[in-house]
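Colleague: Dropping the sequence and predicted coords here.
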Amino acid sequence: MVRMKFLCDADRCIDCNACVTACKNENEVPWGINRRRVVTINDGKPGERSESMACMHCTDAPCAAVCPVSCIYPTEDGVVLHSKDLCIGCGYCFYACPFGAPQYPQVGNFGSRGKMDKCTYCAGGGGPEAPGSAEEFAKYGSNRFGEGKLPMCAEMCSTKSLLAGDGEVIAQIYKERVFKRGYGSGAWGWMTAYGEAVRV
């Protein structure tokens, strides 16, 4: 069974934020919300790593487990969607998600922040709207998945560090990359560029 997943190769990510920009443009995400963001660890130090983060469309999604109205659910392809029609904006999914994917669309007191927003894997939404319709786009963003395309963030990644697709296929691609370049920072990255020992 196909399970759609994301994988970010931290040895290839150059912190260009093209994935973030592509997501915002493709889905017309409101100001203040980033469905995808780039997190840099050890910024400016040897061993620096950048990782593109969004909803990872977990197989056993903790956000879906805690939702009191069951508005978050996985599809047959493993994409975790949510219905803004059912969402009550309680924020339980925000606290349960280890990646910080679900977000409130606006800042304010509890109850005035609106319904949650999250990455949809460019698969449209989880509501009753017709796939590919203007109503679906207005609520959830682009439905590239329905057109047989990958999410725009992965398509726009210049170094192809952000992989998207069938979990088994992208795991095999990553395995081949690691095998080819060797494992760790010494084979690729900071030490190759600057000739310094990396202290982890």
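Modeller: Right, received. Where do you want to start? Numbering: from 1, shown residues only.
Colleague: Give me the buried stretch members for the helix or strand hosting G165, please.
Modeller: Using DSSP states H and E, G165 falls within strand 162-166. Across strand 162-166, burial judged by 16 or more other CB atoms under 10 Å covers 162-165. Using the backbone N, CA and C atoms, a C-beta is placed for each residue, glycine as well.
Colleague: tell me what it is packed against?
Modeller: Secondary-structure packing of strand 162-166 (3 or more CB pairs under 8 Å, 6 or more residues apart in numbering; DSSP states H and E): strand 4-8, helix 152-156, helix 167-181.
Colleague: Now do the longest one against strand 4-8: the angle between them, please.
Modeller: If I follow you right, that is helix 167-181. Here helix 167-181 runs at 20 degrees with respect to strand 4-8, directions being taken by axes from the mean of the first three to the mean of the last three CA atoms, to 10 degrees.
Colleague: Put the alpha carbons of helix 167-181 into CSV.
Modeller: Provided in CSV are the C-alpha atoms of helix 167-181 (Å, rounded to 0.1, in the frame of the first residue of the first chain):
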residue,chain,number,x,y,z
GLY,A,167,7.6,6.3,1.6
GLU,A,168,9.3,3.2,0.4
VAL,A,169,10.6,4.9,-2.8
ILE,A,170,12.0,7.9,-1.0
ALA,A,171,13.6,5.7,1.7
GLN,A,172,15.3,3.8,-1.1
ILE,A,173,16.5,7.1,-2.7
TYR,A,174,17.9,8.3,0.6
LYS,A,175,19.5,4.9,1.3
GLU,A,176,21.3,5.1,-2.1
ARG,A,177,22.5,8.7,-1.4
VAL,A,178,23.9,7.7,2.0
PHE,A,179,25.6,4.6,0.5
LYS,A,180,27.1,6.7,-2.3
ARG,A,181,28.5,9.6,-0.2
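Colleague: That one: which residues count as buried?
Modeller: So for helix 167-181, counting by 16+ other CB under 10 Å, buried means 167, 170, 177.
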